[in-house]
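> sequence plus the predicted model coming up.
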Amino acid sequence: MTRSRLLHVTPETHHVQIDLVYATDRNFTGKPIYKAQHCLLLEPAEAALRKAVDTARSFGMTLRIFDAYRPPQAQKVLWDFLPDPNFIAELGRGSNHSRGTAVDLTLIDENGEALDMGTGFDAMVAESAHFYPGLPAHVQRNRTLLLGVMHGAGFTHIASEWWHYELPGSRDLALIDNEESGPLRLM
């Protein structure tokens, strides 16, 4: 994967819903991490997202994005709040969000309702794992449906978070500092 630029993802250009929870207090820290709600992805991730959007739309669904590019400074805020490598990438390794290749999202049905995924986004609990045993069958179906949409578009997943998808080979890329991203700034 070659280095390329960050692109804006908007409801108008990508037919998605955007609810960047780290720009609000509705995240596990209880406080806003970003000043502005700019959804950005590296070019290859943005192209894969477009494929995922088309697939979801083919069966009447929409994607709701909770997070995409995350400046390394924001990653540090999250790690300082919850230094748990099961859910937060260690600072030395860096997050693929900070490489612009990861996106956190869910599926929205034709009535505008989020599918039941068993836990909320950002729930840092064992039950958030993609294939956590004992979840109701409809929850597993919903998670598997999202997994199929995202894998079909070229993303991979991490085991501990049903909402997190990233491009394969992301670790080979450098972290992108917020100075390069333009309008996204930290609180």
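Here it is on my side, so go on. This is a predicted model, so every value here is computed, not measured.
> run through the helices of the chain in chain order.
11-14, 43-58, 72-81, 137-152, 178-181 (DSSP state H).
> next, the angle from the second one to helix 137-152.
Going back to what we said before, that points to helix 43-58. 130 degrees (axes from the mean of the first three to the mean of the last three Cα atoms, to 10 degrees).
> list the buried residues of helix 43-58.
For helix 43-58, the neighbour count (16 or more other Cβ atoms under 10 Å) marks 43-46, 48-50, 52-53, 55-56 as buried. For every residue, glycine as well, the C-beta is placed using N, CA and C.
> if you rank every helix and strand of this structure by mean pLDDT, what lands last?
helix 178-181 (a mean of 46; mean pLDDT, DSSP states H and E).
> closest to the centroid, which residue in the protein?
Centrality entry for the chain: nearest residue to the mean C-alpha point is Asp104, 1.5 Å, by Cα atoms, centre = their mean.
> quick check, that one in contact with Trp162.
No: when contacts are counted by Cβ atoms under 8 Å, Asp104 is not listed as touching Trp162 (9.7 Å).
> look up phi and psi at the residue located most distally from the centre of the chain.
Farthest-out residue of the chain from its mean C-alpha position, per Cα atoms, centre = their mean: Gly134, at 24.6 Å. Per-residue torsions, Gly134: phi 90, psi 0 (degrees, to the nearest 10).
> list just the nearest of the buried residues of helix 43-58 to Ser95.
Ser95 has its nearest neighbour among the buried residues of helix 43-58 in Ala45, at 13.2 Å by Cβ to Cβ.
> residues contacting the closest one?
68, 100-103, 166-167 (Cβ atoms under 8 Å, 6 or more residues apart in numbering).
> show me those residues that map onto strands.
In this view, the contacts of Ala45 that belong to strands under DSSP state E are 102-103, 166.
> how far away is Leu105 from Gly94?
21 Å (Cβ to Cβ, to the nearest Å).
> over to Leu115?
30 Å.
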